[in-house]
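Chemist: Kindly return the folded structure for what I paste below:
(one chain, ligands or ions: 1)
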Amino acid sequence: MGLECVSRGRALVFAMKLKFNGLFKTLACAAAFGCMSLSAASVAEAETLRVGTEATYAPFEFANADGSLTGFDVELIRAIGKEAGYDDVEVINMPFDGLIPAIMTSQIDTIIAAMTITEERAKRVDFSEPYYTSGLSVLILEENAAKYPNVNALKGQALCAQIGTTGAMTAEKLSPGKVKAFNTEPEAFMELKAKGCEGVVNDRPINLYFLSQSDASEGVTEINEILTAEKYGIAVRKGNTELLDKLNAGLKTLRDNGTYDQIYQKWFKLAPKD
Ligand code: ARG
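Modeler: Presented below is the predicted three-dimensional model:
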């Protein structure tokens, strides 16, 4: 587009030069400037998909030892971005409760963060087709397993959760005014182990991953109950149907060609549920 524009600019300049020699400089400058800024904008947009996430949420998004981000969501959005024709997918780590504000102010183009599609959020962003089925569960200390045989028994007790999550909202319903909310999920887990709260309300796949790491989760167990049915979606700025369509089409291709299953098995070692 840039080249086409420049040559059209030259032809225009040539024609003008024949007729009005005096105006030549002004017109050439206007034509060239207009073209350059147009092509610069379209190139920047075409190259990089800016993705926001909150990367303390293994196995969906977390940092490798060298600081690079990885996980199910990170691999999925990289593959979707490639399908959608982006040269680069830049995954940016930020606080979970800062993700929707960042998309609303155009600091990022999209969010993938194990983010549950909720009515409330759908007023502020648009969501892709669901890409993962999830639900909440509660972690407690093993030594309290008899005291808290079910989630109901935890009502009114101090609970921990991550700020701005569906876990925090559910915890608040169970124990109004008694929820300690943390910026990151590992902080909530640590608080449970330090006996600063009686339970952590969090997405079950993340709880299961935490429990599978025997050192970190020593003395912690899960109440065998799934509290909610939730679906994760990829968010875009409200009304950005162009990007939403590309993401949905990319997701569909990856589901159809087996790439989604491969990524799923790598991180969950199970057949996809949906
Ligand atoms: N699914 C929950 C929610 O949407 C928790 C997501 C937390 N994600 C994260 N990357 N920390 O509220």
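Chemist: mind checking how far the most centrally placed residue in the chain is from the ligand?
Modeler: The centroid of the chain falls nearest to Ile112 when counting by C-alpha atoms, centre = their mean (1.6 Å). Separation of Ile112 from the ligand (C-beta to the nearest ligand atom, to the nearest Å) stands at 9 Å. Heads up, the C-betas are built off the backbone N, CA and C, glycines and all.
Chemist: Likewise for Glu119?
Modeler: Glu119 is 13 Å from the ligand, by C-beta to the nearest ligand atom.
Chemist: Point out where the protein drops to low pLDDT.
Modeler: Within the chain, the stretches with pLDDT under 70 are 1-46, 270-274.
Chemist: can you rerun that using 90?
Modeler: Applying pLDDT under 90 to the chain flags residues 1-47, 213-216, 269-274.
Chemist: For it, what lies in contact range of the ligand?
Modeler: 53-54, 57, 61, 96, 113-116, 162, 165-166, 185, 203 (C-beta under 6 Å from any ligand atom).
Chemist: Try it again at 8 Å.
Modeler: With C-beta under 8 Å from any ligand atom as the criterion, the chain comes near the ligand at residues 53-57, 60-61, 73, 96, 113-116, 118, 121, 134, 162, 164-169, 184-185, 202-203, 206, 230, 232.
Chemist: Can I get the buried part of those residues as one PyMOL selection?
Modeler: Those of the residues of the chain next to the ligand that count as buried under 16 or more other C-beta atoms under 10 Å are selected in PyMOL with:
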select buried, resi 53+54+55+56+57+60+61+73+96+113+114+115+116+121+134+162+164+165+166+167+168+169+184+185+202+203+206+230+232
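Chemist: before we move on, the earlier item: next one: phi and psi at the residue nearest to the centre of the chain?
Modeler: For Ile112, the backbone dihedrals (degrees, to the nearest 10) come out as phi -130, psi 120.
Chemist: So which of the residues of the chain next to the ligand are in helices?
Modeler: Of the residues of the chain next to the ligand, the ones assigned to helices by DSSP state H are Asp73, Arg121, Thr166, Gly167, Ala168, Met169, Glu185, Ile206.
Chemist: nearest to Gly250, of these?
Modeler: Asp73 (13.8 Å; C-beta to C-beta).
Chemist: how about the closest one, what does it touch?
Modeler: Thr53, Phe60, Glu61, Ile112, Ala113, Ala114 (C-beta atoms under 8 Å, 6 or more residues apart in numbering).
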